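Asks: This is a predicted model, with the sequence first.
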Amino acid sequence: MNRTRISTILTLLITFGTAVPATGAPRAHTPTVVEALDRTAHPLRTVEPGGRTRDLRPLGRMVGGAGVVGVGEATHGSHDFFALKDRLFRYLVEEKGFRTFALEAPWSTGLRLDDYVVHGTGDPRRIMREEFQRDYLWWNNTDYLRLVEWMRARNVRNPGDPVRFVGDDTAWTGPETYDAVVARVTALDPTAGERLAGLYGRLRPTEQAGASIERHLAMPYAERRELAERSGEALELVRRARADARTVQDATAIDRTARQYAFDFEDPGQVAAAMRYRDEAMAANVVWWQRHTGTKILLSAHDAHVGYESYDPTSPQPQGAFLRDSLGSAYVNVGLTFGRGSFVATGQDGGAVRRWTVGPAAAGSNERTLDRVRYRDYALDLRTVASPARAWLHGARPTYRIGTAYPDGPHEVALARTHDVLIHLHRVTAARLRDR
């Protein structure tokens, strides 16, 4: 064989990844990161609810016996993330015994929606219009309306085994919650009820959610601190009245709203403390609900809240880390990523909501590699991925983590240190917001 022929053969072997050692014996092939991900990934048929769910069974095995499953989202404004959560919740209800959908929304908002899905009280469109304002306007979308209506329809068919709705956030507490706490305490102790009504007088909102949040943010710091002191005194009064656990929890939600604003937002250290307080309070609300209802929970929030590690120094400890501390292995979280697509968000000036489009993913990003996996959309158990993908997943690199305003990021995220399970979508589309 001539020298040219030998050179050509060696070039072809090296090109296809099989170098020939001096002995002539081929070396074992070392898989690439993408090949290792390929072997672990499970394809998803669709993000839309309804139809066959066999493709979700591997995800069910990844969830295992968890009592709370956090499901994230890489944007607050993409239809595909909301639709997928609807589909996952229906599957978890029917196949894994889940009974509660928890949302990154105020506690009192959850109570109103729970009253609808369990008892049919109120109009979900009106509730969503009145409750999902300002920071929460993203939830007033067609996908979550469909989910809430499905929950109500299922409860009509299964009145003895209802699915429930809970909100775990802190920025607002509606007036009906104040009134309910006062009424229950008054029934136990009229004098305590009268005192409680006085303490709640300046706390109880008289405007809608968005305006109430704006008013609190505009208050002088000293006034916000004084309101938090009043709410704390009110909570102690409720406890001394020996109110039931639900009443104490409602009073605690009121107190958490007041304390969420009792930080100096001009001080970066206080901003970080406020964000930590919020995530800790959200986790505490979820744990309370899980322990007092005994139900398994799908928790819907941003990837930044369901995960274990923070990428943002102003938000030092995510809700997921607090939940892991409280629940251990009974908490599992699922991060959501996407390669390209659209979402709704404001600009960084907080102005009008508009549609934004990004992608394809940039070189060096997590999504660039995730997009090369053989499936368009898929689930991946990050705890079981083999080398060399295991080390790759533990490294931090640019990742889409988009909140309510854009531009935002990309941010440095180590996927396997942040999430237990990952669902990657090749492309997403903007959500359809209602009443806009």
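Replies: Thanks, I have the structure now. Numbering: from 1, shown residues only.

Asks: Please enumerate the strands of the stretch 151-300 of the chain.
Replies: For the stretch 151-300 of the chain, the strands defined by DSSP state E, counting those that start in this stretch cover 164-169, 296-300.

Asks: go on, the stretch 1-150 of the chain?
Replies: Under DSSP E, counting those that start in this stretch, the stretch 1-150 of the chain gives strands at 42-43, 68-71, 98-106.

Asks: With distance to residue 336, mean neighbour count and mean pLDDT as new columns, can these be given to me in JSON lines?
Replies: Quick note: C-beta positions are derived from backbone N, CA and C, even for glycine. Formatted as JSON lines, the strands of the stretch 1-150 of the chain follow (distance: least, Cβ to Cβ, whole Å; neighbours: other Cβ atoms under 10 Å; pLDDT from 0 to 100):
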{"stretch": "strand 42-43", "distance to residue 336": "15", "mean neighbour count": "15", "mean pLDDT": "98"}
{"stretch": "strand 68-71", "distance to residue 336": "7", "mean neighbour count": "28", "mean pLDDT": "98"}
{"stretch": "strand 98-106", "distance to residue 336": "14", "mean neighbour count": "24", "mean pLDDT": "98"}
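
Asks: one step back: and residue 364, which of the strands of the stretch 151-300 of the chain is closest to it?
Replies: For the strands of the stretch 151-300 of the chain, proximity to residue 364 was assessed by Cβ to Cβ; strand 296-300 is nearest, at 29.8 Å.

Asks: Sheet partners, orientation included, of the closest one?
Replies: Sheet pairing for strand 296-300, assigned by DSSP bridges, gives strand 68-71 (parallel), strand 98-106 (parallel).

Asks: Take the ones you listed and write them to a markdown table, including distance to residue 249.
Replies: A markdown table is the format used below for the strands paired with strand 296-300 (distance: least, Cβ to Cβ, whole Å):
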| stretch | distance to residue 249 |
| --- | --- |
| strand 68-71 | 17 |
| strand 98-106 | 13 |
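
Asks: Tell me which of those strands lies nearest to residue 335.
Replies: Residue 335 lies closest to strand 68-71 among the strands paired with strand 296-300, at 8.6 Å (Cβ to Cβ).

Asks: Lowest mean pLDDT among the helices and strands of this structure, which one is it?
Replies: Ranking every helix and strand in the chain by mean pLDDT, DSSP states H and E puts helix 3-15 at the bottom, with a mean of 34.

Asks: mind listing what residue 296 touches?
Replies: Residue 296 makes contacts with 66, 67, 68, 69, 92, 96, 97, 98, 99, 100, 290, as judged by Cβ atoms under 8 Å, 6 or more residues apart in numbering.

Asks: Now with 7 Å, please.
Replies: 67, 96, 97, 98, 99 (Cβ atoms under 7 Å, 6 or more residues apart in numbering).

Asks: for the closest residue to it other than its chain neighbours, what are its contacts?
Replies: Sequence neighbours aside, residue 98 is the residue nearest to residue 296 in space, at 4.2 Å (criterion: Cβ to Cβ, 6 or more residues apart in numbering). By Cβ under 7 Å, 6+ apart, residue 98 lies in contact with 89, 92, 296, 297, 298.

Asks: and of those residues, the nearest to residue 239?
Replies: residue 297 (25.7 Å).

Asks: distance of that closest one from residue 289?
Replies: Here the distance between residue 297 and residue 289 works out to 7 Å (Cβ to Cβ, to the nearest Å).

Asks: Find residues that contact each of these two.
Replies: 100, 102.

Asks: Just the CA atoms of the longest strand seen in the chain, as CSV, please.
Replies: In the chain, assigned by DSSP state E, the strand with the most residues is strand 331-347. The C-alpha coordinates for strand 331-347 follow below in CSV (Å, rounded to 0.1, in the frame of the first residue of the first chain):
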residue,chain,number,x,y,z
TYR,A,331,-38.8,17.9,47.3
VAL,A,332,-37.8,17.5,43.6
ASN,A,333,-37.5,20.4,41.2
VAL,A,334,-37.7,20.5,37.4
GLY,A,335,-36.0,23.3,35.5
LEU,A,336,-37.2,24.4,32.1
THR,A,337,-34.9,25.7,29.3
PHE,A,338,-35.4,26.7,25.7
GLY,A,339,-33.2,27.3,22.7
ARG,A,340,-35.1,30.1,20.9
GLY,A,341,-38.5,31.7,20.7
SER,A,342,-40.7,34.4,22.0
PHE,A,343,-42.2,35.7,25.3
VAL,A,344,-44.0,38.7,26.6
ALA,A,345,-42.3,41.1,29.1
THR,A,346,-42.0,44.8,29.7
GLY,A,347,-38.8,46.7,28.9
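
Asks: remind me which residues of the protein are low pLDDT?
Replies: 1-28 (pLDDT under 70).

Asks: Which residue would you name as the spatial centre of it?
Replies: The centre of the chain sits closest to residue 301, judged by Cα atoms, centre = their mean, with a distance of 1.3 Å.

Asks: List the buried residues of the longest strand of the chain.
Replies: 331-346 (16 or more other Cβ atoms under 10 Å).

Asks: Stretch 359-368 now?
Replies: 359, 361, 365, 366, 367, 368.

Asks: Just the CA atoms of that stretch, as PDB, please.
Replies: Output of stretch 359-368 as PDB, limited to C-alpha atoms (Å, rounded to 0.1, in the frame of the first residue of the first chain):
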ATOM      1  CA  GLY A 359     -32.300  32.900  19.700                       C
ATOM      2  CA  PRO A 360     -30.900  30.700  18.400                       C
ATOM      3  CA  ALA A 361     -28.800  30.100  21.500                       C
ATOM      4  CA  ALA A 362     -25.400  31.600  21.500                       C
ATOM      5  CA  ALA A 363     -22.100  29.600  21.300                       C
ATOM      6  CA  GLY A 364     -20.900  28.600  24.800                       C
ATOM      7  CA  SER A 365     -24.400  28.700  26.300                       C
ATOM      8  CA  ASN A 366     -26.100  25.700  28.000                       C
ATOM      9  CA  GLU A 367     -28.900  25.900  25.500                       C
ATOM     10  CA  ARG A 368     -26.600  25.600  22.500                       C
END
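
Asks: Which among the strands of the stretch 151-300 of the chain is found nearest to residue 411?
Replies: strand 296-300 (20.2 Å).
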